[in-house]
Structure formats: C-alpha cells, structure tokens
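Novice: what follows is a predicted structure for the sequence shown.
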Amino acid sequence: MNNKRKLLSIPYLLWAIVFIIIPLFMVVYYGITDKTGAFTFANIAAIATAEHGKALWLSVLLSFMSTVVCLLLAYPLAMILSKMNIASNSFLVLIFILPMWMNFLLRTLAWLSLLEKTGVINNILKFFGLPTMNIINTPGAIILGMVYNFLPFMIMPIYNALVKIDPNVINAARDLGAGPFKTFTKVIFPLSIPGVISGITMVFVPALTTFVISTILGGNKILLIGNVIELEFTTTGNWHLGSGLSMVLMVFIVISMILTAIFDKDGEGSML
Amino acid sequence: MIKTTAQRIYVALIFIFLYAPIATLIVLSFNASKTRSKWGGFTFKWYASLFEDEKILQALGNTLLIAFLSASIATVIGTIACIAMQNMKRKSRTIIMGITNIPMLNAEIVTGISLMLLFIILGFKFGFMTILLAHITFNIPYVILSVMPRMKQLNPSTYEAALDLGASHTQAFFKVVFPDILPGIVSGFIMAFTMSLDDFVITHFTKGAGIDTLSTKIYTEVRKGIKPEMYALSTIIFVTVLILLLLVNYAPKKKQDTAAVK
C-alpha cells in the first residue's frame, strides 16, 4: 500500500526532470559549446571582458546594496508585526499577494511618475521648499526599484522565523537577568538567523539577475548582467554566449541555495 | 506609549512605500491627459475605451486562461506529489524537496532561458502551450510548499481509523485526509494563480511572437508609452481582488463558527 502511494510521486518527478533538471543541463550544454557544437570555455570566459565584467560588478554592487537596505527595513518591521498578534494569513496577503495583482511592470513604472523631475515626490519637496532630487535613470533609482520589488521577500521569512520563537525562551532570558538589548542579541536574533539567511538569498538572487528594473528605471543607460543575457537571447541571438554568462550567475545561485540548505534544515522554505 | 506610536508610524511608512505606486496607477487611470507626467483632469474615458481595445482584452484573456490552467494543473500534480512524499523515507523526501526548491531559488531569467532552450531543442512551436508548460513548472513548488505543512500536521491515526471502520483507501482519503489539507490546497492554488498572473520574465522567454499576456504587452509599451487603458484595466483587477479579499476575510469566521457548532 505504501509502495503504491509512492508511485504517486511519478508524475511530479517526471515533470521535474523534463522541465527543471534537463533545461538546466541545456544551459550548461550551450554554455560550453560554440555554434559548431565544439567544446569551448570562451562563453564563460567572456565574463572577464571589460563590458561584461563591468555589468556583473555593477549588478553585484547594486544587489548587495539593496539587500542590505531590505534587511535594515524589514527586520524592525517583522519584529513589530510579529508582536502585533495579527493573523499571519492576512499579513501574507497584504504584504505579498495583494500588490502582485497590480502588474509588476506597471508598479515599477509607477515609480517613474513618482520620481521624475516634475514627479509627485519632487512636487511635494518643492511645496515644502526643500531641494528636489534627480534620481531617475541613476543607479539609485535601480536600487530603489529593487528594494521596492523584493522587500516582501525579506519581510516574510524573517517574520515567520520570529513568530516561531517560543515566548518562554524570551521570558527565560529576561528572568535570568538579560536586558532587552541582550535578549535581542543573545536570543531573538540568533533564533531568527534562518529567516534572515532565507530573506537575503530571496532578495539577492532576483536583484542580481533582474533586467526589467534596470530597463524601466535605468532608462536603458545602465546595463546589468541580466540585461546583457537578455539581449543575447532576444536581440543578438547568441544563445551560447548568453548561456555561458548565465552559468556564471548560476554560481551565485548555487551558493545561495547551499546557504539556504544549511540554515533551513527542514527544507520547508520559510517563505510560506 | 511613545514606543508603540513610533512603531505604528514605521509600519505605516513601509505600507505607504509598498502601496504608493499602486495608488499612483489608480490615479493615472482617471487622468484625462495621455501622458503620465501631466494631470489633465478627471475622466472615465479610459474605462470606456478599454472595452473596445481588442488587443488588451485578448492579452487579458490569455493571462487569465494561462493563470487558471497552470494553477489548476500545478495544484493537481503538486498535491499528488505531497501525498506520495508523506509515505517516503526522509532521504527521498529531502531530495524531492530539494528539486522543488530549484525553481523557487533559481533566478527567473535562468529558468526562462533554460525552458526556452528546452523548447527549441524539442522543436516545440512557441506560443500558448509553451507559456502554459513554463507556468505549470514554476507554479508546482508554490503548491507543494503550501500543501506539505498541512500534510505534516495530519494525524495518521485518523486515516487508519477510517480504514478500520471499513472505508476504502479512496474513501478514507477523500473523507478524512482531503478536508484537512484542503486549506493548504486552496492557498497553494491562489498563490500559483497570482504568481502566474504577475509573471513577466519567464513568459518573455517562452512566448514567441504573436501571443501576448498583459505583462509582455506592457513591456512592449514601456518605451512607446503605456496606453492609459492599461491603467484602467489594472485598477479594475486590483479593486476586484481587494473587494473579494474583504468579502472572504469576513466570511470564513462565520463559517468556522457554524462548523464548530455542528
């Protein structure tokens, strides 16, 4: 009976092999061959050229900065919300699901209206006699777009980790004489690390690989590594080079998967 | 007191940050001027002309159909996989969950191009089918991740009790197990539907010419300027979902009460 039940996993396993595993090997295959099908490292080595190297460096820099900003914004929010006793379901919906029903491209595009020279925010600043900002088409706008789009991915796992902490543990720390600060650094923060790691990878990977945010908010002037790869596949048509560069990105992705696996031992993904 | 006020202000600021663009889009849908940057007075005309724009309606149809089909198929495959995993040894379960995490943690652009290369090698014609297959693929993990925790909370003895009392395996599953995991299945479906609806990157690489979803249509319009009808449509979708959510949020409490009374 149990064996029969196990057979039920076959549809999913077949699906996963055909549509998840094999496609990744396709990328590797294209990445290490040239147009004639001969083996080459040239596509991967192309990351070292000035143009691609610069795009990768800028991507790493911007995604690192937006990950830090997300963490700094999300942790206090998750702490406050975890104490508020709200139903975690409605919280998930409000932070995460509801905004998605307004298309992601439009939401990002709306920042143009807010940030432009004559945009909403500058008009408000002007009204109060403050200096206006000129942020659109700069790396700053891209960081803002990344933080805006991926902040929920940081809030959710940290919130979930904080909610799971047994209040008795915190009370015990207090009873044993730890002040609020010490309770935080010695008890609460260490227990929330799985959520923090999960959040960092959930923000860093999409930020590192985006091409949409830089296209919309960077005004086509700023090329990230995602833009380079997207162009290779849709415009230039050099899939081999595109695949080779993607393999470089996959190194970052694999590192973050390993980190998640180490810290999230249940393999549950504290995302949901 | 001061502390909680500060906390509330902080929460409010983050919510303003998250919802400001959405509010902006809603305002733009009533803007009589065609350009984003100028306010030309209040109008409903984009809502009227929306229903005459066949291309937008076509894209909406594709988006909803793909979201519905991909979420449904993913829910069936994902739920069946969860039932199977429940009976597996820890090791094989970990492997399957590891595979499940790949589309979740992988970059969308890599998932997109990997599927694009697969479809090219298999000689598939790019269009509705390829988008659907891609969406099912990235939707299954969301179903598994929301059904699995429910599965783990199940008390195995209830299933065995049903068998002892003469139920067949199928009966025992649908009468005992299914009602318990149903909330997980429903939230998995909603999650999958939402993800499919909001996806741009993977659709972009797997769609081919001649078919558009709302996302890909918006992307081609980004440079030319977005048609104001698009803002109107998004506002309609957003407000509809908001109202549905409010209704659902107030309804289930009553339902649970009556269930408890029963």
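Specialist: Yep, it's here.
Novice: count of residues packed around residue A:192?
Specialist: 25 (other C-beta atoms under 10 Å in any protein chain shown). The C-beta positions use only the backbone N, C-alpha and C, and glycine is treated the same way.
Novice: same question, residue A:60
Specialist: Other residues lying near residue A:60 total 16 when counted by other C-beta under 10 Å.
Novice: now swap in residue B:30 and tell me
Specialist: 18.
Novice: that one touches residue B:44, doesn't it?
Specialist: Yes. Taking contacts as C-beta atoms under 8 Å, residue B:30 lies within contact range of residue B:44: 7.2 Å.
Novice: and the average pLDDT for stretch B:177-191 is what?
Specialist: Averaging pLDDT along stretch B:177-191 gives 92.
Novice: should've said stretch A:168-180
Specialist: 90.
Novice: which parts of stretch A:218-237 are buried?
Specialist: For stretch A:218-237, burial by neighbour count (16 or more other C-beta atoms under 10 Å in any protein chain shown) applies to A:218, A:222-233.
Novice: among these, which are in helices?
Specialist: A:225-231 (DSSP state H).
Novice: circling back: contacts with chain B among the buried residues of stretch A:218-237, please.
Specialist: A:226, A:229-230, A:233 (C-beta under 8 Å from any C-beta of the partner chain).
Novice: tabulate the residues you listed (TSV), appending pLDDT.
Specialist: Formatted as TSV, these follow (pLDDT from 0 to 100):
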residue	pLDDT
A:226	94
A:229	94
A:230	94
A:233	92
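Novice: strands of the stretch 1-150 of chain B, start to end?
Specialist: Assigned by DSSP state E, counting those that start in this stretch, the strands in the stretch 1-150 of chain B number zero.
Novice: pLDDT score assigned to the residue positioned nearest the centre of chain A?
Specialist: Closest to where the C-alpha atoms of chain A average out (C-alpha atoms, centre = their mean) is residue A:203, at 2.3 Å. Model confidence at residue A:203, given as pLDDT, is 94.
Novice: now residue A:1
Specialist: Reported pLDDT for residue A:1: 48.
Novice: same check on residue A:223?
Specialist: For residue A:223, pLDDT reads 91.
Novice: which residues touch it?
Specialist: With contact set as C-beta atoms under 8 Å, 6 or more residues apart in numbering or on different chains, residue A:223 has these partners: A:55, A:58, A:214.
Novice: please redo it, this time with the cut-off set to 7 Å
Specialist: When contacts are counted by C-beta atoms under 7 Å, 6 or more residues apart in numbering or on different chains, residue A:223 touches residue A:55.
Novice: any idea how far chain B is from it?
Specialist: 14 Å (C-beta to the nearest C-beta, to the nearest Å).
Novice: what is the neighbour count of the residue in the stretch 51-200 of chain A positioned nearest to chain B?
Specialist: Closest to chain B within the stretch 51-200 of chain A is residue A:110: 3.5 Å, counting by C-beta to the nearest C-beta. Residues lying near residue A:110 (other C-beta under 10 Å) number 26.
Novice: tell me the confidence at the closest residue in space to it that isn't next to it in sequence?
Specialist: Closest residue in space to residue A:110, ignoring its immediate chain neighbours: residue B:21 at 3.5 Å, by C-beta to C-beta, 6 or more residues apart in numbering or on different chains. Here, the pLDDT recorded for residue B:21 equals 93.
Novice: before we move on, what about residue A:264?
Specialist: 67.
Novice: count the residues that sit near the nearest residue to residue B:93 once chain neighbours are set aside.
Specialist: Closest residue to residue B:93 apart from its sequence neighbours, by C-beta to C-beta, 6+ apart: residue B:85 at 5.1 Å. Other residues near residue B:85 come to 24 when the count uses other C-beta under 10 Å.
Novice: hang on, residue B:85 packs against residue B:91?
Specialist: No. Residue B:85 lies out of contact with residue B:91 (C-beta atoms under 7 Å); the separation is 11.6 Å.
Novice: what about residue B:13, neighbour count?
Specialist: Neighbours of residue B:13 (other C-beta under 10 Å): 12.
Novice: quick one: it from chain A, how far?
Specialist: Computed with C-beta to the nearest C-beta, the distance linking residue B:13 and chain A is 9 Å.
Novice: please name the residues that touch residue 162.
Specialist: Reading this off chain A. A:78-79, A:82, A:192, A:195.
Novice: sorry, I should have been clearer: chain B.
Specialist: Per C-beta under 7 Å, 6+ apart, neighbours of residue B:162: B:172, B:175-176.
Novice: in the host helix or strand of it, what counts as buried?
Specialist: Residue B:162 is part of helix B:156-164 when elements are defined by DSSP states H and E. By neighbour count with 16+ other C-beta under 10 Å, helix B:156-164 contains the buried residues B:159, B:162.
Novice: I'd like the average pLDDT over it.
Specialist: Helix B:156-164 comes out at a mean pLDDT of 86.
Novice: can you show me the CA trace of that helix as PDB?
Specialist: In PDB, the C-alpha atoms belonging to helix B:156-164 read as follows (Å, rounded to 0.1, in the frame of the first residue of the first chain):
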ATOM      1  CA  PRO B 156      -2.100   9.400  10.600                       C
ATOM      2  CA  SER B 157      -4.300   7.500  13.100                       C
ATOM      3  CA  THR B 158      -7.400   9.200  11.700                       C
ATOM      4  CA  TYR B 159      -6.700   7.700   8.300                       C
ATOM      5  CA  GLU B 160      -6.100   4.300   9.800                       C
ATOM      6  CA  ALA B 161      -9.300   4.600  11.900                       C
ATOM      7  CA  ALA B 162     -11.300   5.300   8.800                       C
ATOM      8  CA  LEU B 163      -9.800   2.100   7.200                       C
ATOM      9  CA  ASP B 164     -10.600   0.100  10.400                       C
END
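Novice: quick check: phi and psi on residue A:33?
Specialist: The phi/psi pair for residue A:33 (degrees, to the nearest 10) reads phi -130, psi 160.
Novice: how much space separates the residue lying closest to residue B:64 once chain neighbours are set aside from residue A:97?
Specialist: Of all residues not flanking residue B:64 in the chain, residue B:197 sits nearest, at 7.7 Å (C-beta to C-beta, 6+ apart). Noted for residue B:197: a distance of 10 Å to residue A:97, by C-beta to C-beta, to the nearest Å.
Novice: and residue B:117, by the same measure?
Specialist: Taken as C-beta to C-beta, the span from residue B:117 to residue A:97 is 31 Å.
Novice: who has more neighbours, those two?
Specialist: Taking other C-beta under 10 Å, residue B:117 and residue A:97 do not tie; residue B:117 has more neighbours (24 against 20).
Novice: looking at the more buried one now. What's its pLDDT?
Specialist: 95.
Novice: could you do residue A:253 as well?
Specialist: You'll see residue A:253 listed with a pLDDT of 86.
Novice: what's the answer for residue A:128, then?
Specialist: So residue A:128 comes in at 86 (pLDDT).
Novice: low-scoring stretches of the chain, by residue?
Specialist: Using chain A here. A:1-3, A:87-89, A:264-272 (pLDDT under 70).
Novice: wrong chain, I was asking about chain B
Specialist: In chain B, residues with pLDDT under 70: B:1, B:251-262.
Novice: what residues are up against the closest residue to residue A:9 other than its chain neighbours?
Specialist: Leaving out its chain neighbours, the residue that sits closest to residue A:9 by C-beta to C-beta, 6+ apart is residue B:84, at 3.5 Å. Residue B:84 makes contact with A:5-6, A:8-9, according to C-beta under 7 Å, 6+ apart.
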